[in-house]
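# What would the 3D arrangement of this be:
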Amino acid sequence: MNNRKKHLAWIIIFMTLVSCNNVPDLGIFEGNGDIGNVKYAGSVVFNPSDSSYAVSGGGTNMWFKSDELHYTWKKMSGDVSISADIEWVGEGVDPHRKACLIIRQDLDTSSTYADAAVHGDGLTSIQYREVPGGVTREVQSIISSPGRVRIEKIGDYLSMSVSYGDEELNSSGGTFKLPFTEPFFIGLGVCAHNNDTIETAIFSNVRIESITEKPDSLKKIESTLETISIASFDRRVVYHTDNHIEAPNWSPDGKSLIYNSGGLLYKIPVEGGDPVLIPTGFARRINNDHGISPNGTQLVISDQTETGHSLMYTLPIEGGDPKKVTPLSPSYWHGWSPDGATLAYCAERNGNYDIYTIPVDGGAEIRLTNAEGLDDGPDYSPDGKYIYFNSVRTGTMQIWRMMANGSEQEQVTTDQYHDWFAHPSPDGKWIVYVTFGTDVPAGSHPPNKDVMLRLMNLETKEVQVMAKLFGGQGTINVPSWSPDSEHVAFVSYRLK
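Purely as a prediction, here's the structure:
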């Protein structure tokens with residue numbers, strides 16, 4: 001049946017059902033209604049012949065601090081998913097109209113919620129509001145106009161899967177943590193994104209399924225390379241894979257990201273695409289402590305191939321034969337001075353981990369810290385005046401800074417959490433860092449943990465949570481700011 005005939009059939013079904021029955025048949029759902037101050041009432045029509053739903057809704061938007069839409073729903077508890085094939089009816093008035101699979105805490109216009117939204121122009125994202133009346137944020141998928149979409153709630157984590165045609169559903173990447181109180185609402189929604197009209201989407205093959213979570217020992221890792229805006233905290237997926245990837249660097253020209261996986265380095269366009277292997281000669285055991293020179297011509301890597309312990313090497317940005325910098329191991333690179341002359345790193349010498357510097361062409365290393373316990377993650381301020389690092393010397397892992405020569409060491413963060421790997425922005429206004437909870441030992445930064453990406457304004461000292469995600473080791477070990485200081489690259493993970 002072509003689209004014109006299909007849409008005419010829906011109109012006939014709708015008129016028949018309305019004339020014969022004042023109480024609509026909602027199929028698997030329990031209720032429906034408008035949310036927010038919509039100008040025209042929406043509706044839902046269930047077609048029992050193929051178990052599909054035509055949901056019509058008005059409203060200005062589902063964004064910011066409140067929503068306007070039509071929603072058909074049922075109450076659920078536990079781990080659950082909802083999936084559907086989604087097709088828009090007609091060309092539409094606004095390209096940002098939204099057809100959504102939605103989990104809401106309640107039916108209030110400003111409710112906590114998460115949804116998988118397919119926009120009229122094909123943009124597909126998972127959106128969420130963390131607290132009632134809070135701002136809405138999103139994780140944009142690299143997939144446009146999928147045929148089928150699913151949103152899953154497992155524990156406190158939400159994720160989206162998509163597919164085309166008869167393909168299997170696959171994760172779109174970009175999970176986030178958002179607790180719901182049971183019971184919650186789950187269902188279908190449409191927002192016109194223009195309160196002077198009504199838009200209709202057809203949801204077919206709708207399935208709501210309870211999920212039995214597998215033990216972690218049976219799960220496999222998924223990795224998502226993402227960027228996040230420091231203005232909105234909206235996230236965008238660059239690359240999703242079943243392989244384990246870590247530690248993105250952002251190229252000085254703003255066009256590429258470099259990450260490590262399986263002991264090797266890969267380069268990928270910031271806008272997404274296929275990763276390309278960077279040749280690194282004999283170095284085949286590269287860890288997540290790598291970076292790019294300020295002028296964009298060289299790479300520095302920390303690699304274990306030669307001795308089984310991490311040593312630092314430099315090589316051309318396009319790849320080539322590594323040149324050894326540090327004769328002593330283990331040495332883990334973390335910062336490159338803005339003038340390109342000096343490398344800062346964490347090294348274990350005589351049983352203690354401290355911060356060291358060394359000329360980029362090799363030479364004598366200089367020890368900058370000598371406190372008991374672990375000092376790690378040194379990174380230079382863009383003016384070269386300071387080195388930021390993390391230290392456990394006060395009992396919890398906190399962010400510190402010192403002059404580039406190691407003097408005037410001072411604590412920057414003070415909280416009950418464990419803060420790691422502070423990276424100053426290129427404009428010198430911010431630091432971004434990863435925060436572990438109190439369930440993690442102070443001197444440890446393990447993988448597969450609940451973590452936060454946090455942002456500090458260096459002038460006001462205000463700290464904001466950019467994202468709550470599943471990650472840790474590999475998420476943001478090394479400098480990953482965009483050169484314009486507007487975005488940060490990171491890796492999130494999922495066990496599935």
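
# Tell me the buried residues in the helix or strand hosting T314?
Assigned by DSSP states H and E, T314 falls within strand 311-316. Within strand 311-316, the residues that count as buried by 16 or more other CB atoms under 10 Å are 311-315. Glycine gets a C-beta too; all of them are placed from N, C-alpha and C.

# Ok, stretch 71-91 next?
For stretch 71-91, the buried set under the neighbour-count rule, 16+ other CB under 10 Å, comprises 71-74, 76, 80-89.

# Out of these, which is nearest to I301?
S81 (40.8 Å; CB to CB).

# measure the closest one to D321 for me?
Plainly put, S81 is 49 Å away from D321 if you go by CB to CB, to the nearest Å.

# about what we covered before: can you name every helix or strand that the strand holding T314 contacts?
strand 298-303, strand 323-324, strand 331-336 (3 or more CB pairs under 8 Å, 6 or more residues apart in numbering; DSSP states H and E).

# Not counting stretch 264-280 itself, show me its contacts.
Residues outside stretch 264-280 that contact it (CB atoms under 8 Å, 6 or more residues apart in numbering) are 142, 225, 227, 237-239, 245, 250, 254-260, 284, 286, 290, 299, 301, 303, 315, 318-320, 322, 482.

# so how far does it reach from one end to the other?
Length of stretch 264-280, first residue to last, CA to CA, to the nearest Å: 8 Å.

# Kindly report the same for stretch 299-319.
8 Å.

# Also stretch 270-290?
Start-to-end span of stretch 270-290 (CA to CA) is 18 Å.

# Return the set of buried residues in it.
270, 275, 278, 280, 283, 285-290.

# Give me the pLDDT for K98.
Here the pLDDT value assigned to K98 is 98.

# whoops, I mixed them up, T16
Note on T16: pLDDT of 44.

# Check the secondary structure at A41 for me.
coil (DSSP: H, G, I helix; E, B strand; the rest coil).

# Which of the buried residues of stretch 71-91 fall in helices?
Among those, no member is found in helices (DSSP state H).

# which ones are touching L455?
Residues near L455 by CB under 8 Å, 6+ apart: 230, 430-432, 463-464, 466.

# which of those residues sit farthest apart?
Among these, I230 and V463 lie farthest apart (CB to CB), at 12.8 Å.

# List the buried residues for stretch 482-493?
So, applying 16+ other CB under 10 Å, buried residues of stretch 482-493: 482-483, 485, 487-493.

# Among those, which lie within strands?
Taking DSSP state E, the ones among the buried residues of stretch 482-493 that sit in strands are 487-493.

# Show me which of I230 and V463 is the more surrounded one.
Shown here are I230 and V463; by other CB atoms under 10 Å, I230 has more neighbours (19 against 16).

# The more buried one reaches I431, doesn't it?
No - at 11.1 Å, I230 does not count as touching I431 under the criterion of CB atoms under 8 Å.

# joint contacts of the two?
If you check I230 and I431 against CB under 8 Å, 6+ apart, the residues they both contact are 425, 455.

# Which residue lies nearest the spatial centre of the protein?
For the chain, the residue nearest the mean C-alpha position is G174 (4.4 Å; CA atoms, centre = their mean).

# Once you drop chain neighbours, what's closest to that residue?
Distances taken as CB to CB, 6 or more residues apart in numbering place V139 nearest to G174, at 3.6 Å, with adjacent residues excluded.

# Let me know the helix or strand that the one you found is in.
strand 136-144.

# Sheet partners, orientation included, of the next helix or strand after that strand?
Next helix or strand after strand 136-144 toward the C-terminus (DSSP H and E): strand 148-154. Using DSSP bridges, the strands paired with strand 148-154 are strand 80-89 (antiparallel), strand 157-163 (antiparallel).

# and those strands as CSV, adding mean pLDDT and distance to G120?
Below are those laid out as CSV (pLDDT from 0 to 100; distance: least, CB to CB, whole Å):
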stretch, mean pLDDT, distance to G120
strand 80-89, 98, 6
strand 157-163, 97, 16
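
# Just put the ones you listed in TSV and tack on distance to S110.
Compiled in TSV, the strands paired with strand 148-154 are given as follows (distance: least, CB to CB, whole Å):
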stretch	distance to S110
strand 80-89	22
strand 157-163	18
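
# For G474, find the nearest of these.
The closest of the strands paired with strand 148-154 to G474 is strand 157-163. By CB to CB, the value is 17.6 Å.

# As JSON lines, the helices and strands packed on strand 311-316 with mean neighbour count and mean pLDDT would be great.
Putting those into JSON lines (neighbours: other CB atoms under 10 Å; pLDDT from 0 to 100) gives the following:
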{"stretch": "strand 298-303", "mean neighbour count": "24", "mean pLDDT": "98"}
{"stretch": "strand 323-324", "mean neighbour count": "14", "mean pLDDT": "98"}
{"stretch": "strand 331-336", "mean neighbour count": "26", "mean pLDDT": "98"}
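
# Can you convert those into CSV and add a column each for distance to R401?
CSV is the format used below for these (distance: least, CB to CB, whole Å):
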stretch, distance to R401
strand 298-303, 21
strand 323-324, 29
strand 331-336, 12
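
# right, and those - which one's nearest W63?
With CB to CB, the closest approach to W63 among the helices and strands packed on strand 311-316 belongs to strand 331-336: 38.2 Å.

# Give me the packing partners of that closest one, helices and strands only.
Right, strand 331-336 is packed against strand 291-292, strand 298-303, strand 311-316, strand 342-349, strand 375-380 by 3+ CB pairs under 8 Å, 6+ apart.

# can you redo those as JSON lines with distance to T112?
Shown next, in JSON lines, are these (distance: least, CB to CB, whole Å):
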{"stretch": "strand 291-292", "distance to T112": "39"}
{"stretch": "strand 298-303", "distance to T112": "42"}
{"stretch": "strand 311-316", "distance to T112": "46"}
{"stretch": "strand 342-349", "distance to T112": "40"}
{"stretch": "strand 375-380", "distance to T112": "34"}
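
# Out of these, which gets nearest to D115?
strand 375-380 (36.3 Å).

# Who are the packing partners of the closest one?
For strand 375-380, the elements it packs on are strand 331-336, strand 342-349, strand 352-359, strand 386-391, strand 418-424, judged by 3+ CB pairs under 8 Å, 6+ apart.

# who wins for proximity to Q411 among those?
That would be strand 386-391 among the helices and strands packed on strand 375-380, by CB to CB, at 8.1 Å.

# isn't the residue nearest to G174 right next to R235, touching?
Yes - with contact defined as CB under 8 Å, V139 reaches R235; the gap is 4.3 Å.

# hang on, the earlier thing: what about the helices and strands packed on strand 311-316, which gets the closest to G33?
strand 331-336 (54.1 Å).

# partners of that closest one in the sheet?
Partners of strand 331-336 in its sheet, by DSSP bridges: strand 342-349 (antiparallel).

# mind showing which ranges of the protein have poor pLDDT?
When residues are selected by pLDDT under 70, those of the chain lie in 1-23.

# Grab the longest strand from it for me.
strand 199-210.

# Name all residues that make contact with the closest residue in space to N288 that isn't next to it in sequence.
Closest residue to N288 apart from its sequence neighbours, by CB to CB, 6+ apart: A247 at 3.7 Å. A247 sits next to 259-260, 288-290, 474, 476-478, 480, 491 when contact means CB under 8 Å, 6+ apart.

# Now do the end-to-end distance for stretch 275-286.
By CA to CA, the extent of stretch 275-286 from end to end equals 17 Å.

# show me the contacts for Y353.
By CB under 8 Å, 6+ apart, Y353 lies in contact with 346-347, 373-376.

# about what we covered before: so which of the buried residues of stretch 270-290 would you say is closest to E152?
Using CB to CB, these come closest to E152 at P275, 26.1 Å.

# you'd agree K323 is up against M312?
No - counting by CB under 8 Å, M312 is not a contact partner of K323; they are 9.9 Å apart.
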